[in-house]
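Engineer: Quick one: sequence plus predicted model below, questions after.
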Amino acid sequence: MQLFQPQEVIVERGSEASPMYRNLRNALPLIPFRLVDAVSTENGRTDSSAFTFGAAKKRLCLTRYKGEFLKKCPGSDGQVCCNYFVINFASNCPMDCSYCYLQEYLADNPELKVFSNVEDLLTEADELLSKHRRFFFRIGTGEITDSLALDPYIGFAREVVPFFAEQPNALLELKTKSDCVEGLLALDPKERVVVSWSMNPQRVIDLDEHGTASLSERLLAARRCQNAGYRLGFHFDPIVEYLNWESDYEEMLDQTFSTVDWRRIAWLSMGVLRDTLSLKRIIRQRFPQTRLLTGEQVLCPDGKLRYFQPMRIDIYRKMLRWIRRAAPTVKVYLCMESKEVWEQVFGFAPSCEKELGNQMAPSP
Amino acid sequence: MGLKLGENHLRDLMDWLEEIALRDRSTIGEILASKPITDIESDPRLGRADRLKRVKEELRRLRFPRLAQLEGSIRARIQELKLHPEIRLTVPLGLEGGRLRVELSASTLEDLKRQTGKLAEAADTNTVREIFALLAGEAVESRPKSDYFFPG
């Protein structure tokens, strides 16, 4: 994987004393740093037409986050929810997948930002977790950024893993398409941290997951994490349907289960390619040659386009069969799917979101 | 094409045309010059609205071939049941939700009992079983060989 190199680092005044700043300085000695009063007014968007989503990824802003770090994952209207919480320690992602929903979600705020006040994040998490010890929390950091792609520069993992390793009622999930796991290997996760990968066959990675690690690199990184004591997660999402997709996905699953020990896998998820009408327009503009959008997607009641339902069920059933062949009892769930689809694939649908969330809790 | 399209129709059709062209490595011109489309355009029996409707249906069929085929298979099975017009079976456009919708209308209690009896008989047939199997993804075909996703 080619490591991301920002062209410039913009530092908001007040962030210079943070560990993130020190880490960035040490990791990027040749990159110019610029101190500004406020990132929001210094983002160069006076000419918004020229400041495209892609260009925003080329410079890194270090700023304080003023809102709440911990939020409930919004899920999707009417779909079975997995009761997930998200921590946004950064915004936007140095990678550039053709299908990425951030292209729409962050269209008006595309700066690649890292938030320097990690101490506030940990205080907030501590308050929530200690106040609700009876409840189990599954918390992820990869909703609006990649959890690990920036880790070689910012060292976020070593700030948060020791904290979550001590929490009896939470699992932290670090979700990535990178192989940047070096910073994790010397830490002791104490079964409380899951490192997970978004997975696709190399063919999809080559064409639509720009700037990400190859399939083999992801799997090698997963094995290193497993050997260092981490539990693993794999998200087969987005599954892309194309001619002979079956052989590519089956091979990818075989490769996965022959590289890692499935008994160390905390969970697997599956989800098909989804977009919206407006994201589709952005994708066509930014990636005119991608064939992702030529699949037979229909508009679903939650406003998202997905492959038509019988096709999705067929895809999930096949994937589940290949997964079960190698990992008979591993936990598998569907991401952003309806109860009807759950029932057709698994023979049941969770009765409520807490049921699904609790199923993901580690065994006592 | 001489169809005088409104903005929404035009946007849908252009998206479909572009996506078919990208998928099949053809051009929009070639798609519009294909026989099914030109046949509709030159059919003197069709008015402008019908022509537009038929062109749109044809382009939808080209854009979503397996979905259209599945919808057609379900429709054919519903017709096979030869139900009375008072019993209406439908599936949602796009098949989302995976449900068979049943509508009954009756003018008397006896009529209602007769309709529900007919419906119960129909529900026991293989045809209805097949409809549910189709909705449950048990007959989705692979992409046709002529349709390739990736270059090279």
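Structural biologist: Ah, there it is.
Engineer: so how many other residues sit close to residue A:7?
Structural biologist: Look at residue A:7: counted by other CB atoms under 10 Å in any protein chain shown, it has 11 neighbours. Heads up, the C-betas are built off the backbone N, CA and C, glycines and all.
Engineer: again, but for residue A:150
Structural biologist: Residue A:150: 26 surrounding residues under other CB under 10 Å.
Engineer: How about residue A:87?
Structural biologist: 24.
Engineer: Would you double-check that residue B:132 falls in a helix?
Structural biologist: Yes - counting by DSSP: H, G, I helix; E, B strand; the rest coil, residue B:132 is part of a helix.
Engineer: burial of it, as a residue count?
Structural biologist: When neighbours are counted by other CB under 10 Å, residue B:132 registers 14.
Engineer: list the contacts for the nearest residue to it once chain neighbours are set aside?
Structural biologist: Among residues not flanking residue B:132 along the chain, residue B:100 sits closest, at 7.0 Å (CB to CB, 6 or more residues apart in numbering or on different chains). Listed by CB atoms under 8 Å, 6 or more residues apart in numbering or on different chains, the contact partners of residue B:100 are B:89-91, B:131-132, B:135.
Engineer: Buried by neighbour count, from these: which ones?
Structural biologist: Buried residues within those, counting neighbours by 16 or more other CB atoms under 10 Å in any protein chain shown: B:89, B:91, B:131, B:135.
Engineer: Please list which of these also come close to chain A.
Structural biologist: Contacts with chain A within the buried ones among the contacts of residue B:100, as defined by CB under 8 Å from any CB of the partner chain: residue B:135.
Engineer: Out of the buried ones among the contacts of residue B:100, the closest to residue A:198 would be?
Structural biologist: residue B:135 (29.9 Å; CB to CB).
Engineer: Is any residue of the helix or strand bottoming out on mean pLDDT in chain B near chain A?
Structural biologist: Lowest mean confidence among the helices and strands of chain B (mean pLDDT, DSSP states H and E): helix B:7-24, at a mean of 89. Yes - under the criterion of CB under 8 Å from any CB, chain A is reached by helix B:7-24 at B:15, B:18-20, B:22-23.
Engineer: Do a quick rundown of the helices in the stretch 201-350 of chain A.
Structural biologist: In order along the chain, the stretch 201-350 of chain A carries the following helices (DSSP state H, counting those that start in this stretch): A:202-208, A:215-227, A:245-259, A:277-286, A:309-326, A:339-346.
Engineer: of all the buried ones among the contacts of residue B:100, which two lie farthest apart?
Structural biologist: B:89 and B:135 (11.7 Å).
Engineer: picking up where we left off before, which positions in the least confident helix or strand of chain B come out as buried?
Structural biologist: B:13, B:15-23.
Engineer: so how many other residues sit close to residue B:106?
Structural biologist: Look at residue B:106: counted by other CB under 10 Å, it has 14 neighbours.
Engineer: Surely it and residue B:87 touch.
Structural biologist: No - with contact defined as CB atoms under 8 Å, residue B:106 does not count as touching residue B:87 (9.6 Å).
Engineer: which residues are in contact with both of these two?
Structural biologist: residue B:115.
Engineer: Would you mark the buried spots in stretch A:282-300?
Structural biologist: For stretch A:282-300, the neighbour count (16+ other CB under 10 Å) marks A:282-284, A:287, A:291-298, A:300 as buried.
Engineer: So which of these is the closest to residue A:35?
Structural biologist: Using CB to CB, residue A:282 is the member of those that lies nearest residue A:35, at 32.7 Å.
Engineer: The helices of the stretch 201-350 of chain A: which one's closest to chain B?
Structural biologist: Closest approach to chain B among these (CB to the nearest CB): helix A:309-326, 3.3 Å.
Engineer: Report how many residues lie close to the residue of the stretch 151-300 of chain A found nearest chain B.
Structural biologist: Using CB to the nearest CB, the single residue of the stretch 151-300 of chain A nearest to chain B is residue A:242, 3.2 Å away. The local packing of residue A:242 (other CB under 10 Å) involves 21 other residues.
Engineer: Next, the contact list for the spatially most central residue of chain A, please.
Structural biologist: Nearest residue to the geometric centre of chain A (CA atoms, centre = their mean): residue A:142, 3.5 Å. Residues in contact with residue A:142 (CB under 8 Å, 6+ apart) are A:173-176, A:196.
Engineer: one more time with 10 Å
Structural biologist: Residue A:142 makes contact with A:86-90, A:93, A:148-149, A:173-177, A:196, A:198, A:235, according to CB atoms under 10 Å, 6 or more residues apart in numbering or on different chains.
Engineer: Show me which of those is closest to residue B:62.
Structural biologist: Using CB to CB, the contacts of residue A:142 come closest to residue B:62 at residue A:198, 32.3 Å.
Engineer: neighbours around the closest one, how many?
Structural biologist: Applying other CB under 10 Å, we find 22 residues neighbouring residue A:198.
Engineer: Would you mind listing where chain B has pLDDT under the threshold?
Structural biologist: Residues of chain B that meet the criterion pLDDT under 70 lie in B:1-3, B:141-152.
Engineer: Do a quick rundown of the strands in chain B.
Structural biologist: Using DSSP state E, the strands assigned to chain B run over residues B:87-90, B:101-104.
Engineer: Give me whichever of these is most buried.
Structural biologist: strand B:87-90 (a mean of 16; mean count of other CB atoms under 10 Å in any protein chain shown).
Engineer: Tell me the gap between it and the middle of its chain.
Structural biologist: Distance of strand B:87-90 from its chain centroid, counting by CA atoms, centre = their mean, to the nearest Å, is 16 Å.
Engineer: again, but for stretch A:145-155
Structural biologist: On CA atoms, centre = their mean, the centre of stretch A:145-155 falls 12 Å from the chain's centre.
Engineer: ok, back up a step: give me the common contacts of residue B:89 and residue B:135.
Structural biologist: With CB under 10 Å, 6+ apart, residue B:89 and residue B:135 have common neighbours B:74, B:100.
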